[in-house]
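Trainee: using only what follows, build the 3D model:
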Amino acid sequence: MDISKKDTAKMQQLAQEGKQVARIQKEDFPDYTYEQIYAVVYEAGGRAAQGVKRMITTRLNKVLHSNKETRTILINEIKRLVLDLYENHKMNQKKLDKIRKALQE
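Mentor: Numbering: from 1, shown residues only. Here you go, the predicted structure:
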């Protein structure tokens with residue numbers, strides 16, 4: 001089943017807002033499979049906050065049992081993931097501010 005551009009945009013938006021892929025599938029798009037939604041979300045480069053958290057946790061656990069060269073690589077990956085979370089948070093704050101202003105008008 002092909003996914004329409006409208007549905008694709010909505011899936012990506014929900015994931016950027018932090019909604020888990022499983023919840024997107026269950027609550028918003030039950031006609032699509034988890035795998036279809038996952039592919040749409042990650043094709044766009046979007047990551048759910050919980051997925052990023054898991055990636056960071058996995059890398060931190062690997063740091064404990066790695067050599068110095070591997071540790072450097074893992075630490076750089078963790079820095080990038082944390083920066084992604086921070087940038088997404090800033091973007092979401094701006095969206096919330098716009099929504100609040102619109103509701104106050």
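Trainee: quick one, helices of the protein?
Mentor: For the chain, applying DSSP state H gives helices covering 5-16, 21-23, 34-43, 49-64, 68-104.
Trainee: now the angle from the third one to helix 49-64?
Mentor: Read that as helix 34-43. Orientation note: helix 34-43 sits at an angle of 80 degrees relative to helix 49-64 (axes from the mean of the first three to the mean of the last three Cα atoms, to 10 degrees).
Trainee: one more: the last one?
Mentor: Between the direction of helix 68-104 and that of helix 49-64, the angle (the same axes, to 10 degrees) works out to 160 degrees.
Trainee: who does helix 68-104 touch, helix- and strand-wise?
Mentor: helix 5-16, helix 49-64 (3 or more Cβ pairs under 8 Å, 6 or more residues apart in numbering; DSSP states H and E). In this view, the C-beta of every residue, glycine as well, is placed from N, C-alpha and C.
Trainee: so which of those helices gets nearest T33?
Mentor: Ranking these by their distance to T33 (criterion: Cβ to Cβ) puts helix 5-16 first, at 12.2 Å.
Trainee: how far away from the center of its chain is the closest one?
Mentor: Computed by Cα atoms, centre = their mean, to the nearest Å, the chain-centroid distance of helix 5-16 equals 12 Å.
Trainee: buried residues in that helix, which are they?
Mentor: D7, T8, K10, M11, Q12, L14, A15, Q16 (16 or more other Cβ atoms under 10 Å).
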